[in-house]
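Trainee: quick one: sequence and predicted model below, then my questions.
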Amino acid sequence: MSTNVTIPALKVLFSQRQIADRVAELGRQIDHDYAGQSIVLLGVLKGAAIFLADLARNITVDCTFDFVAVSSYGKAQKTSGAVKLIKDVDQPIEGKHVIIVEDILDTGLTLDFLQKLFQQHQPRSLRIATLLDKPSRRLVKIEADYVGFKIPNQFVLGYGMDYAERFRNLPDICLMPSDYPE
């Protein structure tokens, strides 16, 4: 059974090709930084799943990955300000080189929460890779070690990022139309 769902015309901020090129560059940078070592990529579900998969395919050093899930947005376009852990890591990260992989560094609340949480696990090193960085929205002082693109204060969709669980499957990163119904 099919339903007729109208997808609004979306303005592309970064094309599939631009994303692929930048993710490949980030992979080379991580390879350089961790040459001869092993790393654990910790993806933040659900938004970072596509970025993590593409990043992992562009890394040649020994790596494994795991996922965590947190909640701070729900179905809104703005964070609630309260971050809660929904799914923790499955494997111990003590003594390991860990890179938290996130789709977007926005207010910083989620990554600040995760950074503090994972420091308690005593990793050998802990860094952050984010596909998008929106510094104008930062509420806490936190910076990523690996950044795909800096973006303006606009709501984005696609390449894993959603609005109410929709649009994650878009291959490009697009701007949310201002007239999209809530």
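Mentor: That came through, no problem.

Trainee: each with direction, which strands does the least confident helix or strand in the chain by mean pLDDT pair with?
Mentor: Lowest mean confidence among the helices and strands of the chain (mean pLDDT, DSSP states H and E): strand 84-87, at a mean of 90. Here strand 84-87 has these sheet partners by DSSP bridges: strand 62-71 (antiparallel).

Trainee: show me how far the partner strand is from its chain's centre.
Mentor: Taking CA atoms, centre = their mean, to the nearest Å, one finds the center of strand 62-71 at 11 Å from the center of the full chain.

Trainee: I'd like the numbering to begin with 25 instead of 1 from here.
Mentor: Yep, numbering from 25; the last one is strand 86-95 now.

Trainee: residues contacting it, please?
Mentor: 61-70, 73, 76, 80, 107-115, 117, 125, 134, 137-138 (CB atoms under 8 Å, 6 or more residues apart in numbering). For glycine as for every other residue, the C-beta is placed from the backbone atoms N, C-alpha and C.

Trainee: and stretch 178-188, by the same measure?
Mentor: 34, 37-38, 43, 70-75, 99, 101, 127-128, 155-156, 190-200, 204.

Trainee: show me the shaky parts of the protein.
Mentor: 25-32, 97-105, 203-206 (pLDDT under 70).

Trainee: can you give me the strands for it?
Mentor: Under the criterion DSSP state E, the chain contains strands at 35-38, 62-69, 86-95, 108-111, 121-129, 149-157, 170-174, 180-181, 197-199.

Trainee: identify each buried residue in stretch 169-187, please.
Mentor: By 16 or more other CB atoms under 10 Å, the buried positions in stretch 169-187 come out as 170-173, 175, 179-187.

Trainee: mind putting those into CSV with distance to S149?
Mentor: Below are the buried residues of stretch 169-187 laid out as CSV (distance: CB to CB, whole Å):
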residue, distance to S149
Y170, 13
V171, 18
G172, 20
F173, 24
I175, 27
F179, 33
V180, 29
L181, 33
G182, 31
Y183, 27
G184, 25
M185, 27
D186, 31
Y187, 34
